[in-house]
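>>> I would like the atomic coordinates for the input below:
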Amino acid sequence: MTVSAKLNREYAVRTVAVGLIMLGFCGWSLYDGWLAYPEDNRRFEAVRAELLALDATPAALLQVDAVTRERPVDAPYKARGWATPKKLAKELAELRERAAKMTGPDPAQAAAAQRRWLRELLEKPLRSRNDIQVQNVMALVTGIWSGALLLSLAAKARRRFTADDTGLAGFRPQPIRYEEIVALDLGKWAGKGIAKLRVRTPQGGEAILVLDDWHFRGMGDLLKAIEERRPDLAPAAAPPADSAAGGAAA
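Prediction:
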């Protein structure tokens, strides 16, 4: 009788899901690094002079008008049909909080310091070269990760392992006869569904083969076939606790 193991559908679905999520992150990072961030800088450059001309503090730029419900920082963007970048609003809020923690200087000195901080913020790109580079690196990493996952899954989908009366097939180009199995490690089988075979190779050496029932459903049937034909490989039963204690005492 021949039993077989092939790609576990549940494992495949989860792997595809993770791969697609990583691919989504890759696309998102590429969009930010190649389009969104450069566009943020272009728009910021277009409104920079108007924001500087306001000669306001960060708190004043974020102050919501009681009538229009708009902030001064939004006006130059809104006039061009653009939304105010969240990063700009966030950095202004951080400067506002920094100013709120100031102690010691009089109000005029504090306002002058805030205007200086604001000029420093407005005189540099909204998105730094490092910000853009980070997005490109994230795109590269997640792209490679997703590609590796999906290519590995495609390779596993083509694999099929079998056990019949003569031996095992699918683990290496040549079939493995049961008498070529040297040892069987079941240490991780109960918890993780992983068993390891140590087998002799055609070159006279030894190799470790893994039976992974999570990746390939049906490995339990292959393991049963091995145990039926090679009962000598099964680990010896542990002695009863009282026997072990008695032996130690003796």
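>>> in this protein, which spans are helices?
9-31, 37-53, 58-61, 75-79, 86-100, 107-122, 129-157, 189-192, 219-229, 241-249 (DSSP state H).
>>> could those go into CSV alongside mean neighbour count and mean pLDDT?
(Each C-beta comes from the backbone N, C-alpha and C, glycine too.) Listed next are the helices of the chain as CSV, based on neighbours: other C-beta atoms under 10 Å; pLDDT from 0 to 100:
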stretch, mean neighbour count, mean pLDDT
helix 9-31, 15, 97
helix 37-53, 16, 95
helix 58-61, 20, 92
helix 75-79, 16, 95
helix 86-100, 15, 92
helix 107-122, 15, 88
helix 129-157, 15, 96
helix 189-192, 11, 94
helix 219-229, 18, 95
helix 241-249, 9, 39
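>>> now the ones you listed in TSV, with distance to Gln174?
Shown next, in TSV, are the helices of the chain (distance: least, C-beta to C-beta, whole Å):
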stretch	distance to Gln174
helix 9-31	27
helix 37-53	54
helix 58-61	73
helix 75-79	69
helix 86-100	60
helix 107-122	68
helix 129-157	19
helix 189-192	25
helix 219-229	17
helix 241-249	43
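>>> tell me the contacts of the closest residue to Arg200 other than its chain neighbours?
Among residues not flanking Arg200 along the chain, Glu180 sits closest, at 4.7 Å (C-beta to C-beta, 6 or more residues apart in numbering). Contact analysis of Glu180 by C-beta atoms under 8 Å, 6 or more residues apart in numbering lists 167, 199-200.
>>> Show the buried residues in those residues.
Among these, those classed as buried by 16 or more other C-beta atoms under 10 Å are 167, 199.
>>> Which one of the contacts of Glu180 is nearest to Trp117?
Closest approach to Trp117 among these (C-beta to C-beta): Val199, at 69.3 Å.
>>> The closest one against Ile181, yeah?
Yes - at 5.3 Å, Val199 counts as touching Ile181 under the criterion of C-beta atoms under 8 Å.
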